[in-house]
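>>> using only what follows, build the 3D model:
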Amino acid sequence: MAIIDNKILTPITNVQNLARKPTPDILTYQQLQAVFDAGPEALRVKLNALIDGIMADYETQLDLTNARKLSATGDFTGTLNGGAIMASGPGLQATVVQHLADIAAHGTMARQTIINGNFDIWQRGINFVNALGSVADRWKVSQTADGGTMPNITISKQPVLNEELLNSVAYLRVHCDGSGSAFGTNAIYQIGQPIENGAKLLAGSNKKITISFMARSSIPNKKIGVYGLQNYGTGGTPSILEVVKGSSFTLTASFQKFTCTIPLNSLNGKTFGTNNDDYITMFFVPVWGVTSGLNTLNNSISESFISAGDIDIAQVQINTGDIALPFTPKNIVTELRDCMRYCFVLAELSSSFLIGYGLAYSTTTALIGVDFPVQMRVPPTLVAIATDWQVADGVTITNATAISIFVPHNAKTKTSLSLTVAGGLTQFRTMYLQSKFGGNVLIFDAEL
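Below you'll find the predicted structure:
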């Protein structure tokens, strides 16, 4: 049973007949959450519309009849029928059916296309000063001052305190030490996430996505923008990337929820790259110039950081359609696994921590195998400091002078590391790799 507005909803019987397609019950429940605050009448309208959508979408409708719609008394004994309700809310049923169709076609991407939208996973670290590129897992920073100067900017993971942000344990903070200066008209500072195969799976004629997020700022009257890029990938002669314009919002000192529905571009006449790496990137933009703001946000009034302070972002979600579904955090195990498709970090290692085994390829080179916990998007690249590592044969420990991926053995599920030493290895002898110091890191990167 479920309780809505203090009323008990009688469960529908024979629900096994609904199990023929993916997750309708989850979608229905989560869409109902969106109207909890709208009052009982709005709730009944939504619920009956959802039931009609399920009826239209499912082959077996044994117990889902008009006689079992939710009545004004809060149970399923009333006679409110979907046709009458649709007359007062045209387009609602079509929206629900489209959500169900998207779920059937693309699984959970229709419900949440963003990975690590709750900012739980930070494999590369939790504090980044003046960073460009990856910060929190799946999130990247890019910028141009266009002739001006950006302030010092720190991206960090912050813990949620008390009940300031329910359903979250962390959020992303952007801290700046000033406003920046002399920004050009094309200036922009942005934090974004590329959604793998987003152009192919989400875009098209009359297709929309709705972005929702929580945000606040200690900087008075600070604005933040949201927009996207529709990229057709690489390889061959793909169509050029396209901007999908968004909107800007004014932040306050307390967390507020913001939503933005963005129509995506048609795929008619478009050519995708042969590498199957198309994507849609969604960006948060706290700084823009006159031209960049007009081109991305339909806003020709430039925006700087204004002053020193913080901008906090949390609970980011993108779902298909023009209704912002309630934010639902993922299980952290699932979130970490999803992140590891794009980045796998061996970290928090103690001194002499054993990483993997291999052999001496020559007197100056050792090859060490590493298995990945999940299949990566592509064979990864490596980020590592050679002098942090040693190779050993059980008797002699030798410091590495260089470390890299051994390309012939690099795959999505495993790789071999090539470690160069000054000399002294016995060819074909079994070797192992260990960390020289505590806190050493190996980053395997397969990001878009």
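>>> mind listing the strands for the stretch 151-300 of the chain?
For the stretch 151-300 of the chain, the strands defined by DSSP state E, counting those that start in this stretch cover 153-159, 170-176, 188-196, 208-217, 223-231, 242-250, 256-263, 279-288.
>>> to F305, which of the ones you listed lies closest?
For the strands of the stretch 151-300 of the chain, the distance to F305 is smallest for strand 170-176, at 4.4 Å, taking Cβ to Cβ. Yep, even glycine has a C-beta here, placed from its N, CA and C like the rest.
>>> any idea how far that closest one is from the chain center?
16 Å (Cα atoms, centre = their mean, to the nearest Å).
>>> now the angle from that strand to strand 279-288?
Note on geometry: by axes from the mean of the first three to the mean of the last three Cα atoms, to 10 degrees, strand 170-176 and strand 279-288 are set 40 degrees apart in direction.
>>> packing partners of strand 170-176?
Helices and strands touching strand 170-176, by 3 or more Cβ pairs under 8 Å, 6 or more residues apart in numbering; DSSP states H and E, are strand 153-159, strand 309-320.
>>> just checking: what are the partner strands of that strand?
strand 153-159 (antiparallel), strand 309-320 (antiparallel) (DSSP bridges).
>>> need those in CSV with mean neighbour count, can you?
Shown next, in CSV, are these (neighbours: other Cβ atoms under 10 Å):
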stretch, mean neighbour count
strand 153-159, 17
strand 309-320, 23
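>>> what sits against S168?
Contact partners of S168, counting by Cβ atoms under 8 Å, 6 or more residues apart in numbering, are N118, F119, V160, A314, Q315, P329.
>>> grab the two from those that are most spread out in space.
The widest separation within the contacts of S168 (Cβ to Cβ) is 11.4 Å, between V160 and P329.
>>> so G369 sits right up against G356, yeah?
Yes - G369 lies in contact with G356 (Cβ atoms under 8 Å); the separation is 5.2 Å.
>>> between those two, which contacts overlap?
Here G369 and G356 share the contacting residues L417, scored by Cβ under 8 Å, 6+ apart.
>>> of all the helices and strands packed on strand 170-176, which one is nearest I224?
strand 309-320 (6.6 Å).
>>> mean confidence score for the helix or strand that comes right after that closest one?
Later in the chain than strand 309-320, the nearest helix or strand by DSSP states H and E is helix 332-340. On average, the pLDDT along helix 332-340 is 96.
>>> also stretch 379-390?
97.
>>> then stretch 216-230?
98.
>>> give me the buried positions along that stretch.
By neighbour count on 16 or more other Cβ atoms under 10 Å, the buried set for stretch 216-230 is 216-219, 222-230.
>>> is it true that T113 touches I318?
Yes - contact criterion Cβ under 8 Å: T113 and I318 qualify, at 4.5 Å.
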